[in-house]
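**Student:** pasting a predicted model and its sequence here:
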Amino acid sequence: MSETSNSNDYLDLRPLYASHYGNSRIFTAKNNGRMVIVKALKADRTDNAQCRAMLRQEYETTSMLDNKFVRKALDFVQIEGLGDCIVLEYVEGKSLAEHVRVGTLSEKQVKNILAEVCDGLYYIHRNGIVHSNLNPENIMVTAADCRVKLIDFGVPETNPDADRDLLIKEMEFVAPEIIKGEDVDLRADIYSLGKIMEFIGERNISRQYTSVATHCTQFSKEQRYDSISEVRSAITKGHPAMKIVVLLLVLAVLGVLAYVYVPKIKANMEKERAERMAADFDRVISNMRDEIPALCEKYRIKSINDSLAFDWAADSLRFAQSLTPFFGSGDFRLAPSPRSTSRKPPSKKAARKASTASW
């Protein structure tokens, strides 16, 4: 950490941003050929001991952090004309607030950004640090790959003389316990993240995190999620209502397909079944026709008028059972034929009718 620095070490100093109601102002500069951010106190506060102590505390808090989702604090220096300054990593990109206002983010990108915010908060919480100033302006989204960088740690700067309405708006994302000056823990950041989800939903970017946001923003911190890991799980597992909608859509599509295609499938099945039955029937009749000469020899029949020499009930029943699948399951058992070889001669009319019969 450098206590003093030659102004020539930081070239092309250009104002970037000044807090509306707070103590700091931001510049871009070049140091050893690279772009950096310089955070300094406002001109009328450079000699204020309390403001200087807060700025140093912010540097000491963030300088120990080294994570891809957290902007790095590079140095603490004094620059002529600016006084005490924190030198920070330069992030090429826009704040989440800018993206949301313009509407440039997809739902998938919003989900990834919220998940990465959780990852960054998980890292700093594990190191015993609470961000305490999490809001859409303090979440940078890189231009190259849409990755998150958390910036500006510390209790939000306040100025009693600031415009009241502006102050209320700027404190929108701050947990109640911070405003009341109570003890703060990681659940203050969970509250702020819930407010950020509401901010995104109010601008119609993504409303699928409403229930998660409600759980995060309970006034009593005991009623919020206990850890940022729980919040991340709730964000990434998807919205239950969305799953129900998708399921209903799938069921609706399946219903339409069933209505259109099931009758056609049934008709095709009936057609195939009928064709199989017709083929089987032709085969059975063909087999029966082929058996006629053998049956005639078996029963010693030489003409249609001859009496049966034997009882033919067994063969008649076998034939009847072969036809059962085609005509139902009625009683096909036929009475046995008389064994007597004598029979009454048929009448002339019956004889003529019988003589015209064909096997």
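**Tutor:** Yep, that arrived.
**Student:** show me where this protein has helices.
**Tutor:** Ranges of helices in the chain, per DSSP state H, are 49-63, 96-102, 107-126, 164-170, 176-179, 187-202, 210-216, 228-236, 240-298, 313-327, 348-355.
**Student:** show me which residues of the first one are buried.
**Tutor:** Taking 16 or more other C-beta atoms under 10 Å as the basis for neighbour counts, the residues of helix 49-63 that come out buried are 51, 52, 54, 55, 58, 59, 61, 62. (C-beta placed from N, C-alpha, C; glycine too.)
**Student:** circling back to that earlier point, deepest-packed of the helices of the chain, please.
**Tutor:** helix 187-202 (a mean of 23; mean count of other C-beta atoms under 10 Å).
**Student:** elements contacting it?
**Tutor:** Contacts defined by 3 or more C-beta pairs under 8 Å, 6 or more residues apart in numbering; DSSP states H and E place helix 187-202 against helix 96-102, helix 107-126, helix 176-179, helix 210-216, helix 228-236.
**Student:** of all those helices, which lies closest to residue 72?
**Tutor:** Nearest to residue 72 among the helices and strands packed on helix 187-202 is helix 107-126; the distance by C-beta to C-beta comes to 12.4 Å.
**Student:** what helices and strands are in contact with that closest one?
**Tutor:** strand 139-142, strand 148-150, helix 187-202, helix 228-236.
**Student:** shaky segments in the stretch 101-250 of the chain?
**Tutor:** The stretch 101-250 of the chain contains residues with pLDDT under 70 at 155-170, 204-205, 238-243.
**Student:** one step back: so for residue 85, which of the helices and strands packed on helix 187-202 sits nearest?
**Tutor:** helix 107-126 (22.4 Å).
**Student:** re the thing from before, closest to residue 115 out of the helices and strands packed on helix 107-126?
**Tutor:** Ranking the helices and strands packed on helix 107-126 by proximity to residue 115 (C-beta to C-beta) places helix 228-236 first, at 5.7 Å.
**Student:** which helices and strands sit right next to the closest one?
**Tutor:** Using 3+ C-beta pairs under 8 Å, 6+ apart, the elements in contact with helix 228-236 are helix 107-126, helix 187-202, helix 210-216.
**Student:** relative to helix 107-126, how tilted is that helix?
**Tutor:** Counting by axes from the mean of the first three to the mean of the last three C-alpha atoms, to 10 degrees, helix 228-236 lies at 170 degrees to helix 107-126.
**Student:** got a list of contacts for helix 228-236?
**Tutor:** 111, 114-115, 118-119, 121-122, 125, 186, 189-190, 193, 209, 212, 215-216, 225 (C-beta atoms under 8 Å, 6 or more residues apart in numbering).
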